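Visitor: kindly generate the corresponding structure for this input.
(one chain, ligands or ions: 1)
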Amino acid sequence: MDPGLRKRMQAARALTTTRSGKRLNFYITSEMFPSISITGSQCGLNCKHCGGKLLERLISCMNPDTLIDTAKKLDGKGAKGILVTGGCNSSGKVPVTNMSDAIKTIKDTTDLTVIAHTGFITPEEAYVLKDSGLDGIGFDVVGDMGTAKRVYGLDVDENDYMSSLDALSNADIMLFPHICVGLDGGRMKGELHALEMIKGHKVSTVVITGLMPVAGTEFSEIKPDPIDFARVITEAVEMFPQSPITLGCARSSGRDRELIDHLAIESGVENIAIPTQYAVRYGANHGYVMEYYGTCCGLPPSKNTRIPGVVS
Ligand code: SF4
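Guide: The predicted structure follows:
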């Protein structure tokens, strides 16, 4: 590894430890925080890295009554919350505002935390979702418009991303932007610029995910270079010294996932969604206090979502 990057990683790790102590927060979603698709398996984009396949694994709730009903059942079974997501229309929007009344009912009648992926959003839509009581929004930021075109098939410019980030910030909804390492066929393109685009907006965390090989898609054989996670996470820690940086759930599996977890911890990540056993052992061997939370990783750790009986 480039010694310059190694040095920056060490400084980034030291910065995180100084701010938050020597700790790692691990996030487990599964049945405690399931993802619900409000479009079923339908998506108007058919992106190269997903092709709608990821939606097939989610609970399908395509109308408000089904969403309310499902949320109540999940609440009764002890879930901590739900992620409302789905496919995009051809403009890159997930139709979450159509579900705003249902989200309000869920917030009024259950104890669930409700977060959403919205895609591009207008100020009016952001205020509607704020009024519904939605707890937070994850928003994918792509820093290279060629990548957005090649992978998502979207004709967008940087202003489209900036106006959505501004809309969410101005509506004062908890925002946890996602950046996907290697989205453009495994190569680094706009990831570092995406961090610059996010800077200046109030975020609970910046979530770094990675291109995940999904069977049956054009990118099914492609994995990003794990070192690129170190590059992006180190830069994120340097750029957002007051905010924890998070390694999100989507990333490679197997040995690459272990290496990504290793490099992410060494680069100063504070939160890891669905950690490998390797990461847990690494934390134990290096004296980290580790706690588990049953939510999506964009949400700050809280005693209400902590899973007891944890490694320390
Ligand atoms: S990356 Fe984190 S916030 Fe995004 S879907 Fe995965 S667990 Fe949830």
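
Visitor: make it CA atoms for all contacts and neighbour counts henceforth
Guide: Fine.

Visitor: name every strand pairing with the lengthiest strand in the chain and say which way it goes.
Guide: Scanning the chain for the strand with the most residues, using DSSP state E, yields strand 175-181. Sheet pairing of strand 175-181 (DSSP bridges) gives strand 136-140 (parallel), strand 206-210 (parallel).

Visitor: so which other helices or strands are in contact with whatever helix or strand comes next after it?
Guide: Going down the chain from strand 175-181, the next helix or strand is helix 191-198, by DSSP states H and E. Under the contact criterion of 3 or more C-alpha pairs under 8 Å, 6 or more residues apart in numbering; DSSP states H and E, helix 191-198 touches strand 175-181, helix 226-239.

Visitor: which regions of this protein sit below the pLDDT cut-off?
Guide: Residue ranges of the chain with pLDDT under 70: 51-52, 309-312.

Visitor: in the stretch 51-200 of the chain, what residue comes closest to the ligand?
Guide: The ligand sits closest to Gly138 of the stretch 51-200 of the chain, with a gap of 6.3 Å, by C-alpha to the nearest ligand atom.

Visitor: count of neighbours near Val289?
Guide: 15 (other C-alpha atoms under 10 Å).

Visitor: nope, Gly40 is what I was after
Guide: The burial count for Gly40: 20, using other C-alpha under 10 Å.

Visitor: hmm, back to that, tell me which of the strands paired with strand 175-181 is the most buried.
Guide: Most buried of the strands paired with strand 175-181, by mean neighbour count (mean count of other C-alpha atoms under 10 Å): strand 206-210, with a mean of 26.

Visitor: just checking, what packs against the helix or strand where Ile103 lies?
Guide: Assessed by DSSP H and E, Ile103 sits inside helix 100-109. The criterion is 3+ C-alpha pairs under 8 Å, 6+ apart, and the helices and strands that helix 100-109 contacts are helix 64-76, strand 113-117, helix 123-132.

Visitor: so which of those gets nearest Glu235?
Guide: strand 113-117 (24.4 Å; C-alpha to C-alpha).

Visitor: partners of the closest one, with directions?
Guide: strand 81-85 (parallel), strand 136-140 (parallel).

Visitor: right, is stretch 116-128 up against the ligand?
Guide: No - judged by C-alpha under 6 Å from any ligand atom, stretch 116-128 makes no contact with the ligand; its nearest approach is 8.4 Å.

Visitor: any buried residues in that stretch, and which?
Guide: Ala116, His117, Thr118, Gly119, Phe120, Ile121, Pro123, Glu125, Ala126, Tyr127, Val128 (16 or more other C-alpha atoms under 10 Å).

Visitor: Ala148 against Asp160, yeah?
Guide: No - using C-alpha atoms under 8 Å, Ala148 makes no contact with Asp160, being 11.4 Å away.

Visitor: contacting residues for Val206?
Guide: Going by C-alpha atoms under 8 Å, 6 or more residues apart in numbering, Val206 touches Phe176, Pro177, His178, Ile179, Ala236, Ser243, Pro244, Ile245, Thr246, Gly298.

Visitor: apologies, that question was intended for Glu235.
Guide: Leu192.

Visitor: now for the residue of the stretch 51-200 of the chain closest to the ligand: which residues touch it?
Guide: Here Gly138 is in contact with Ile115, Ala116, His117, Thr118, Leu175, Phe176, Pro177, His178, Gly298 (criterion: C-alpha under 8 Å, 6+ apart).

Visitor: show me the beta-bridge partners of it.
Guide: Legend: beta-bridge partners of Gly138 under DSSP bridges are His117, Phe176.
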